[in-house]
Structures are given as structure tokens and as C-alpha cells.
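Colleague: What would the 3D arrangement of this be:
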Amino acid sequence: MSHFPGFLTQVTALIPDFSRLLTPPQTEVSAHICHFLIFLTGDSAWQSLDSHDQNLLLWVSLLHDIGKKVGPKKERDLLHPFESVAMCVPLLQTWGWISNSEQDLMHGAAISRQIRKAVITDSSGNTVQDNRQLPAIVWELLKLTGILGPFQPFISISSAIQGRNHSDLFIFDILLLILLHQSITVTAAYPQAAPLDPNQYELYLNQRLARLLSIILRCDSGSYSYVLFRSRHSALQTEITASCEALMAAVSSRAQSEEQRETS
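Modeller: Sure, this is the predicted structure:
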């Protein structure tokens, strides 16, 4: 972190709650965010994106773990993707990136409460995110960011964003990718406590979002493996990359099947 004093000062000015991550043991989180940024900007897939999606993932790198907590025994924080989004909603309203009218501030606060209540106890006794609540959460985020009207149902991401320009989706995409960034297991070294059912990929991802999420997953897990498992990093990166390619292939296959059904 000593290599990023200017960056951390700017980030803390932008995100006052970020100062929490500059005090041990939470410094592990802010150090990881810096590592993530290094891996992201060095990733060839990120480098091949257009400037819009590059910028999008830079914001995801900054915000994806702002709600993460390091316990006294360094326990894994299994709820931090949901908590990060719950923190991001009012933050982005403060910035004016999301409408901060009185009605929308109330809506945003209700969404944050909804996200924080979306927890369940798994078979091991861990408190984990409740993926059954994802459709309702995503629906509310689509409405808050103006992608869907108040009475339009959520069927799938593909149908919700049909005809929209990428610029219209910038804020929603940030929130969705943060929400899902721990929902796919990409390596046995980091098994997810509440992985998304592959049959539900098509609900939340199209081919573009799957590609962006795969970059996030590769850089997120890769930056951890480099720090924690240096001797195994290369092998883990190969495993992570293969899992990300499988994710993109699964989403692509389902998309092609859907096109064929619509054509027939």
C-alpha cells in the first residue's frame, strides 16, 4: 500500500467510508483493492475492451470490496458482495450517478435494507448470501437505475436491457457485477459458499456481461493467489482461466439456444 499513497488519499476523499479500510486488520482489503487494480490493468482481456468497459471495470475494482470486513481470526466475509452493493447505492446517489430525489433516496434505502436481509444459514452453519433473493434485488436495481419502469417485470437481464446503449447501463452494470463477483466458483482454493446455479446464469448475464465478469473473477482470485499462494499462482491462474472460459461458453451456448428457439 505504500506504493499507492496518492491513490488512497484520492479514494478516501471520494469515498469517506474507505478510511475504515486503512486501519488494520482491514488494510488487507484496501491492499487487495490495489492488487486487483494492478492485475486488471495488466490483463490482456481488459486491455482489449473499449474505453467504456475498461472504465466500467476500473470502478468495479475500486468498489467491489468496500463492504468487506476482516474478522479477528481473518474469517472469510461471505456477505461482502451484497454489503458492498448496499453501500454503493447511497454512495452513487450522493455522487448524483443515481437519482437522489426524495422518492429515489427512499427507494435506494429500501433496496439497501432488502440486500442486507438477504441472508441464509447454510448446512455448515455459515451465514451466506441468499441467492433466492437475487431476482427481487436485481429487479429493484433495474428500476432504481431507470432501466425498467416501476411496473415492468424482471424476466432476464437480456430482455430488460434490450435496445439499451451501454452508456445507459453503466451504473446498473457496476452494481450487478459487484453483486455477482463472488457467485461463481473458479478455483477449488476459493470455493464460494453460495455459488449461483448455472441454470440461472441466463437470468443475470448476457455474453458481454459474462465476459466482463470473467475478467473480474480472474483478476480478483488471481490477485489473491499471487499473494497467498505464490508457489501455486501459475497453476491456479490456469484453473481460474479455464473456469472463466467455461462460464462464458455456458452463457454463449444458452444465448444461441434461445436465438434458435425464437427463430423456429
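
Colleague: Please enumerate the helices of the stretch 151-264 of the chain.
Modeller: 157-160, 170-180, 201-204, 207-228, 233-263 (DSSP state H, counting those that start in this stretch).

Colleague: least reliable of these going by mean pLDDT?
Modeller: When the helices of the stretch 151-264 of the chain are compared on average pLDDT, helix 233-263 comes out lowest at a mean of 80.

Colleague: could you give the angle of the worst-scoring helix or strand of the chain on mean pLDDT to helix 207-228?
Modeller: Lowest mean confidence among the helices and strands of the chain (mean pLDDT, DSSP states H and E): helix 233-263, at a mean of 80. Relative orientation of helix 233-263 versus helix 207-228 (axes from the mean of the first three to the mean of the last three C-alpha atoms, to 10 degrees): 170 degrees.

Colleague: So which other helices or strands are in contact with helix 233-263?
Modeller: helix 201-204, helix 207-228 (3 or more C-beta pairs under 8 Å, 6 or more residues apart in numbering; DSSP states H and E). Heads up, the C-betas are built off the backbone N, CA and C, glycines and all.

Colleague: can you tell me which of those helices comes nearest to residue 71?
Modeller: helix 207-228 (16.4 Å; C-beta to C-beta).

Colleague: Now do the buried residues in that closest one.
Modeller: 209-226 (16 or more other C-beta atoms under 10 Å).

Colleague: Neighbours of the nearest residue to residue 65 once chain neighbours are set aside, how many?
Modeller: Of all residues not flanking residue 65 in the chain, residue 29 sits nearest, at 5.3 Å (C-beta to C-beta, 6 or more residues apart in numbering). Counted with other C-beta atoms under 10 Å, residues neighbouring residue 29 total 20.

Colleague: mind saving the C-alpha coords of stretch 67-86 as CSV?
Modeller: What follows is stretch 67-86, C-alpha atoms only, in CSV (Å, rounded to 0.1, in the frame of the first residue of the first chain):
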residue,chain,number,x,y,z
GLY,A,67,-18.2,-3.5,2.4
LYS,A,68,-15.8,-6.3,3.2
LYS,A,69,-14.8,-7.0,6.8
VAL,A,70,-11.8,-8.9,8.1
GLY,A,71,-12.6,-10.7,11.3
PRO,A,72,-10.3,-11.0,14.3
LYS,A,73,-9.3,-14.5,13.1
LYS,A,74,-9.3,-13.4,9.5
GLU,A,75,-12.6,-15.3,8.8
ARG,A,76,-13.9,-15.1,5.3
ASP,A,77,-16.6,-12.4,4.9
LEU,A,78,-19.2,-14.4,2.9
LEU,A,79,-21.7,-11.5,2.7
HIS,A,80,-19.4,-8.8,1.3
PRO,A,81,-20.6,-8.6,-2.3
PHE,A,82,-24.2,-7.9,-1.1
GLU,A,83,-22.9,-5.5,1.6
SER,A,84,-20.7,-3.6,-1.0
VAL,A,85,-23.8,-3.1,-3.2
ALA,A,86,-25.8,-2.0,-0.2
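
Colleague: which other residues reach that stretch?
Modeller: Contacts of stretch 67-86 from elsewhere in the structure, counted by C-beta atoms under 8 Å, 6 or more residues apart in numbering, are 25-26, 28-29, 63-66, 87, 111-112, 115-116, 118-119, 126-129, 141, 175, 178-183, 193-194.
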